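Novice: Model the structure of this input:
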Amino acid sequence: MSTSPSTPQTQRFEQKREAILDAAARLFNEKGLKGATLSEVAQSVGLITTSVTYYYKKKDDLAAACLLRATEAIDDIITEAEVHPEPQAKLRDFLQRFFVMLAEIAEGQRPEIVNFYDIFALTGRHSEAVFAGYTALFRRVRQLFRAVGDELFTRPEQNARA
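Specialist: Purely as a prediction, here's the structure:
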């Protein structure tokens with residue numbers, strides 16, 4: 001018997017998976033990718049470690065999922081900002097949306113996303129996909145800083161701002 005995406009079993013699976021990602025992002029931000037454990041993630045969502053490994057076999061799998069989720073969240077903001085034809089409006093919209101997201105996270109209205117400061121701690125089979133996603137995201141953010149008003153920023157200036 002196959003399950004459709006709207007079945008209660010599938011909904012429970014997705015809710016648990018989201019709860020695990022939320023808890024993992026919070027713990028990875030607090031303790032780093034190396035410092036947080038699957039056991040701590042499991043405990044924070046009321047599960048045992050083997051229940052978390054049903055969703056993510058290894059901690060690197062979970063870390064990669066958190067990093068890709070953060071990449072996607074910021075990428076979505078860029079996509080929304082890119083509807084503006086003027087570079088300055090794109091940048092302004094991106095920054096406003098980004099800071100709204102951070103405020104919503106701080107107020108508990110939105111789950112945390114994992115910070116990228118610890119991305120190089122990621123090892124294993126997922127690191128290539130995560131680094132590729134992060135690099136693509138960085139390039140999109142950098143492009144927003146290419147020209148603002150009458151000023152054209154150099155590549156190092158764009159990198160620094162991104």
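Novice: only C-alpha atoms for contact and neighbour calcs from this point on.
Specialist: Noted.
Novice: Can you list the buried residues in the helix or strand hosting Ala42?
Specialist: Ala42 is part of helix 38-44 when elements are defined by DSSP states H and E. Neighbour-count burial for helix 38-44 flags 38-42, 44 (criterion: 16 or more other Cα atoms under 10 Å).
Novice: What mean pLDDT does it get?
Specialist: Mean per-residue pLDDT for helix 38-44: 95.
Novice: Likewise for stretch 88-107?
Specialist: 94.
Novice: ok, now which ones touch the residue nearest the centre of the chain?
Specialist: For the chain, the residue nearest the mean C-alpha position is Ala70 (0.7 Å; Cα atoms, centre = their mean). By Cα atoms under 8 Å, 6 or more residues apart in numbering, the residues touching Ala70 are 113-115.
Novice: Check Ser39 too.
Specialist: 48-49.
Novice: sorry, back to before: how far out from the middle of the chain is the helix or strand hosting the residue nearest to the centre of the chain?
Specialist: Element membership for Ala70 (DSSP H and E) is helix 59-81. Mean-position distance between helix 59-81 and its chain equals 3 Å (Cα atoms, centre = their mean, to the nearest Å).
Novice: so after that helix, what's the next helix or strand?
Specialist: Moving toward the C-terminus from helix 59-81, the next helix or strand (DSSP H and E) is helix 87-106.
Novice: This completes my enquiry, with thanks.
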